[in-house]
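>>> Next one to model:
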Amino acid sequence: MRWALVKVALAVTTMVVVAFAVPLGLVVKELARDRAYGSAERQAATIGPVLAITTDRTQLERAVASAETGPGGRIGVHVPASGRNGPAEIGARRAAESDVAAAAKLGRASISPVRGGSALLQPTAVASGIAVVEVFVPDAALTNGVTTAWVVLAGVGLALVIGSVAVADRLGTRMVRPAQRLAGAAHDLGRGKLGVRVQEDGPKELRLAASAFNSMADQVVQLLANERELAADLSHRLRTPLTVLRLNAASLGDTPAAEQTRAAVAQLEREVDQIIRTVREQKAQTQQTAAAAGCDAAEVIRERMGFWSALAEDEGRTVRIAGADRPVRVPVARPELAAALDAMLGNVFRHTPEGTAFAVDVHNADEAVIVLVSDAGPGIADPDAALRRGWSGGGGWGHRPAVAGGGSTGLGLDIVRRLAESTGGDVRLGRSILGGTEVRVWLALDDRRARQDGRRGHRLRRTLGRRRRAARTGS
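Residues are numbered from 1 along each chain as shown. Got it, this is the predicted structure:
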């Protein structure tokens, strides 16, 4: 596809350049020719007034000398015979006598080919008849500047072709790379790599295809997990009838049939145990695969906010969501992210009065995804203590106690902290732009890259800090 786009761009641009450059080059050549003959006509016109006054040879020689604008010897005057004086030839003569006579007979300017160029023959009426002024136009004057103009046109055309090829190559790369990644991910998924996902970039159609592929892969993982849960459940259900069979076989005595029955029951128990162990191992692998594959944070936020919005409406709370209108992949499992969001949103409802507004924002950067949960409540008196497991929030985060007889257990923020640290990120508490508490969850997209390049993360933190300060100042 990439080379096809390059070839199409090359062909189209070449045709456009040829269609415009060739006619333009011919026009430039014609303009140079007209310019040369126009200059010759102006030189011939300077001789006409002198011929109308006199045909004296001395006067005409002076007029010819003054009319020469370039190298000498290019202007000649053919004066017809008058009275006792025969025909006079003044200046250089290159045109044939027949051409001069034809020009005088026709009475209008004509061009006669001569050696090294051409001659402009301009007839002028004098007292004795028709005089002809001859101006030599060399071939070099007819093509003066044409070569330079053609070189410039060729250079511009070549630059346009190269530029179009470069642009087509860039566009082709932008289209081909996401398609190649999508094809490679499909092959990997077919080989059993359930954790493979595709980065959603490129043209809109390829982004939609990548999003559909990621959703399909998530469903495949979920279907496998459900299948393994069903197998484990069936295996556990078989234990009860197996136990009954084993007890009944024990009471059959020592007959050969009883021994065979007991052996069959024992073998069946071993097979069931093997199935249970296999399902447990596969379940653990499925969980690891789901965590490695990640999920769409925007989709999870929209889903959980749909759940909490009903309670917010009952309590008269204003809810705002920002940045969740497009896919945002994060390297955490969907249930873990949902649990962390529920913990943060639950704290908002537990620790702020009814009617308090809150918001959820998602910021997608190159190295991390930041989830901000902010409210307009009274805030947290000790943010550092709030992040420690077992912290009691009574009197510190709002007007309502978290549980009967005391504050919060602190397990909610501990879940959030462990989720962020599993990606190489962290959790920060601070003052939100709404005036209350802000819980900022930093989910690193690449743990190693986040550790090696922490400066970009600091810059993003400073940017968010400046935005919060600007919002508070504006409010």
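>>> The spatially closest residue to residue 105 that is not a sequence neighbour: what secondary structure?
Leaving aside its sequence neighbours, residue 105 sits nearest to residue 130 (Cβ to Cβ, 6 or more residues apart in numbering; 7.9 Å). Where C-beta positions appear, they are placed from N, C-alpha and C, glycine not excepted. Using DSSP: H, G, I helix; E, B strand; the rest coil, the structure places residue 130 in strand.
>>> Run through this structure and note the low-pLDDT ranges.
1, 69-72, 83-86, 228, 231-237, 239-240, 276, 279-293, 384-412, 446-475 (pLDDT under 70).
>>> can you give me the strands in it?
In the chain, the strands defined using DSSP state E lie at 75-79, 88-91, 110-114, 117-126, 129-138, 295-296, 319-322, 329-330, 358-364, 368-375, 426-431, 437-444.
>>> and the angle for the fourth one with strand 129-138?
In terms of direction (axes from the mean of the first three to the mean of the last three Cα atoms, to 10 degrees), strand 117-126 departs from strand 129-138 by 160 degrees.
>>> and what of the first one?
Counting by the same axes, to 10 degrees, strand 75-79 lies at 160 degrees to strand 129-138.
>>> Neighbouring strands of strand 75-79 in the sheet, and parallel or not?
If you go by DSSP bridges, strand 75-79 pairs up with strand 88-91 (antiparallel), strand 129-138 (antiparallel).
>>> Could I get the buried residue list for the shortest one?
So the one you mean is strand 88-91. 88, 90-91 (16 or more other Cβ atoms under 10 Å).
>>> if we can go back for a sec, okay if I get the strands paired with strand 75-79 as TSV plus distance to residue 200?
Below are these laid out as TSV (distance: least, Cβ to Cβ, whole Å):
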stretch	distance to residue 200
strand 88-91	83
strand 129-138	69
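>>> Pick the most buried one from those strands.
strand 129-138 (a mean of 23; mean count of other Cβ atoms under 10 Å).
>>> gap between it and the chain center?
Strand 129-138 sits 67 Å away from the centroid of its parent chain (Cα atoms, centre = their mean, to the nearest Å).
>>> and it with strand 110-114, angle?
Using the same axes, to 10 degrees: strand 129-138 against strand 110-114 is 50 degrees.
>>> I'd like to know how many residues surround residue 326.
12 (other Cβ atoms under 10 Å).
>>> That one contacts residue 298, correct?
Yes. Assessed by Cβ atoms under 8 Å, residue 326 is found in contact with residue 298 at 6.4 Å.
>>> Which residue comes closest to the spatially most central residue of the chain once chain neighbours are left out?
Using Cα atoms, centre = their mean, the residue of the chain that lies closest to the mean C-alpha position is residue 202, 6.4 Å off. Of all residues beyond its chain neighbours, the one nearest residue 202 is residue 178 (3.4 Å), with distances taken as Cβ to Cβ, 6+ apart.
>>> Verify the stated contact: that neighbour with residue 210.
Yes. Counting by Cβ under 8 Å, residue 178 touches residue 210, with 6.6 Å between them.
>>> Now do the shared contacts for the two.
Common neighbours of residue 178 and residue 210, using Cβ atoms under 8 Å, 6 or more residues apart in numbering, are 198-199, 201-202.
>>> neighbour-wise, which of the residues you listed leads?
Most neighbours among the shared contacts of residue 178 and residue 210, by other Cβ under 10 Å: residue 198, with 25 neighbours.
>>> Tell me which of the strands of the chain sits nearest to residue 41.
Closest of those to residue 41 is strand 117-126, at 6.6 Å (criterion: Cβ to Cβ).
>>> what comes into contact with stretch 110-126?
37, 40-41, 44-45, 47-48, 51-52, 55, 79-80, 94-96, 99-100, 102-104, 106-109, 130-142.
>>> What residues sit buried inside it?
Result for stretch 110-126 [16+ other Cβ under 10 Å]: buried residues 110, 112, 114, 117-124, 126.
>>> Which members of these define the maximum pairwise distance?
The span of the buried residues of stretch 110-126, defined through Cβ to Cβ, is set by 117 and 126 at 26.6 Å.
>>> Spatially nearest residue to residue 36, not counting backbone neighbours?
residue 141 is the one closest to residue 36 (Cβ to Cβ, 6+ apart), at 4.1 Å.
>>> ok, that neighbour - how many residues close by?
19.
>>> That one: what's it in contact with?
Contacts of residue 141 (Cβ under 8 Å, 6+ apart): 36, 39, 117.
>>> Nearest to residue 322, out of the residues you listed: which one, please.
residue 36 (71.0 Å).
>>> Now for that closest one: which residues touch it?
Residue 36 sits in contact with 137, 141-142, 144, where contact means Cβ under 8 Å, 6+ apart.
>>> could I get the residues you listed as TSV with distance to residue 188?
Listed next are the contacts of residue 36 as TSV, based on distance: Cβ to Cβ, whole Å:
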residue	distance to residue 188
137	76
141	72
142	70
144	67
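>>> Please list the members of the residues you listed that lie in helices.
141-142 (DSSP state H).
>>> so which pair among the contacts of residue 36 is furthest apart in space?
The widest separation within the contacts of residue 36 (Cβ to Cβ) is 10.7 Å, between 137 and 144.
>>> Show me the beta-bridge partners of the closest residue to residue 60 other than its chain neighbours.
Nearest non-adjacent residue to residue 60, counting by Cβ to Cβ, 6+ apart: residue 90, 4.8 Å away. Per DSSP bridges, residues listed as beta-bridge partners of residue 90: residue 77.
>>> How much space separates residue 81 from residue 95?
19 Å (Cβ to Cβ, to the nearest Å).
>>> With neighbour numbers in mind, choose between these two.
residue 95 (24 against 11).
>>> Residue 94 contacts residue 76, correct?
Yes. Residue 94 is within contact range of residue 76, at 7.3 Å (criterion: Cβ under 8 Å).
>>> the more surrounded of those two?
Using other Cβ under 10 Å as the criterion, residue 94 and residue 76 rank with residue 76 on top: 22 against 19.
>>> Help me confirm that the more buried one comes into contact with residue 93.
Yes. If you go by Cβ under 8 Å, residue 76 and residue 93 touch, sitting 4.6 Å apart.
>>> got any residues that touch both of these two?
residue 134.
>>> what residues are up against the residue lying closest to residue 91 once chain neighbours are set aside?
Nearest non-adjacent residue to residue 91, counting by Cβ to Cβ, 6+ apart: residue 76, 3.8 Å away. Neighbouring residues of residue 76 by Cβ under 8 Å, 6+ apart: 64, 89-94, 133-134, 136.
>>> May I see those residues organised as JSON lines, with distance to residue 245 added?
JSON lines is the format used below for the contacts of residue 76 (distance: Cβ to Cβ, whole Å):
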{"residue": "64", "distance to residue 245": "134"}
{"residue": "89", "distance to residue 245": "139"}
{"residue": "90", "distance to residue 245": "138"}
{"residue": "91", "distance to residue 245": "134"}
{"residue": "92", "distance to residue 245": "131"}
{"residue": "93", "distance to residue 245": "133"}
{"residue": "94", "distance to residue 245": "128"}
{"residue": "133", "distance to residue 245": "131"}
{"residue": "134", "distance to residue 245": "130"}
{"residue": "136", "distance to residue 245": "125"}
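>>> Could I get the buried residue list for stretch 351-371?
For stretch 351-371, the neighbour count (16+ other Cβ under 10 Å) marks 351-352, 356-365, 367-371 as buried.
>>> which helix is the longest one in the chain?
Max-length helix for the chain by DSSP H is helix 2-53.
>>> Since that was my last question, I'll sign off now.
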